[in-house]
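Asker: Okay, predicted coordinates and the sequence, questions at the end:
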Amino acid sequence: MLEEGDSVPKFKVMDSKGNQVKSSDFKGKKHAIYFYPKDFTPGCTTEADEFAKDYKKFQKEGIEIVGVSPDDVDSHKKFCDKMGIKFPLLSDVDKEISKSFGVWGLKKFMGREYMGVMRSTFLVDEKGKIFKVYPKVKPAGHAQQVLDDFKNLN
């Protein structure tokens, strides 16, 4: 998994609106990149809902929110429409972004092992450097935690 001080890896994927998004699009902007396993699941819905509700607070602070999961563009579009999400959700169907950040790996649930996205968040400064990593995110309250940590940076 990437660590504090690492640069954001280069990527180019489609977002929930069908637009191509590149890592360089966020150069010069503070942003949080959060990785989540799947649209419409309970934890992911909680996390997305909190970021969506606080999105105006993030914008006021000059912070962009970016969600990433292996879901396709259609799933992301439906999820955004249902949840009122205004920030981009990136479609990482090939898991290239997840692998480059080191969040794609072996997971265990109810005695079963499988490969999946480990719920994680990376806070990135204007220079594209990661300054904070949350390797094991608990969805409830996470958006406020991220906002507080960005405010403490200043």
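Answerer: Yes, it's here.
Asker: gap between Q145 and K151?
Answerer: Using Cβ to Cβ, to the nearest Å, Q145 is found at 11 Å from K151. Using the backbone N, CA and C atoms, a C-beta is placed for each residue, glycine as well.
Asker: more crowded one of the two?
Answerer: Using other Cβ atoms under 10 Å, the more surrounded residue of Q145 and K151 is Q145, with 15 against 11.
Asker: which residues does the more buried one contact?
Answerer: By Cβ atoms under 8 Å, 6 or more residues apart in numbering, the residues touching Q145 are Y134.
Asker: Distance from the host helix or strand of it to the middle of the chain?
Answerer: Using DSSP states H and E, Q145 maps to helix 142-153. Relative to its chain's centre, helix 142-153 lies at 14 Å (Cα atoms, centre = their mean, to the nearest Å).
Asker: Buried residues of it, list them for me.
Answerer: H142, A143, V146, L147, F150 (16 or more other Cβ atoms under 10 Å).
Asker: CA atoms only: put the helix or strand harbouring I33 into CSV for me.
Answerer: Per DSSP H and E, I33 falls inside strand 30-35. Provided in CSV are the C-alpha atoms of strand 30-35 (Å, rounded to 0.1, in the frame of the first residue of the first chain):
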residue,chain,number,x,y,z
LYS,A,30,-6.1,19.1,-2.6
HIS,A,31,-8.1,15.9,-2.9
ALA,A,32,-9.1,12.7,-1.1
ILE,A,33,-9.1,9.4,-3.1
TYR,A,34,-11.2,6.8,-1.3
PHE,A,35,-11.4,3.2,-2.4
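Asker: Poorly predicted segments of this protein, please.
Answerer: Scanning the chain for pLDDT under 70 picks out 154.
Asker: which residues in it form strands?
Answerer: Using DSSP state E, the strands of the chain run over 12-15, 20-22, 30-35, 63-69, 89-91, 104-109, 112-117, 120-124, 130-134.
Asker: Surely A32 is in contact with D125?
Answerer: No - contact between A32 and D125 fails when scored by Cβ atoms under 8 Å: they sit 11.1 Å apart.
Asker: Give me the more crowded residue out of the two.
Answerer: Neighbours were counted for A32 and for D125 using other Cβ under 10 Å; A32 has more, 24 against 16.
Asker: Pick out the residue closest to the middle of this protein.
Answerer: Per Cα atoms, centre = their mean, the C-alpha nearest to the average position across the chain is that of Y34, at 1.9 Å.
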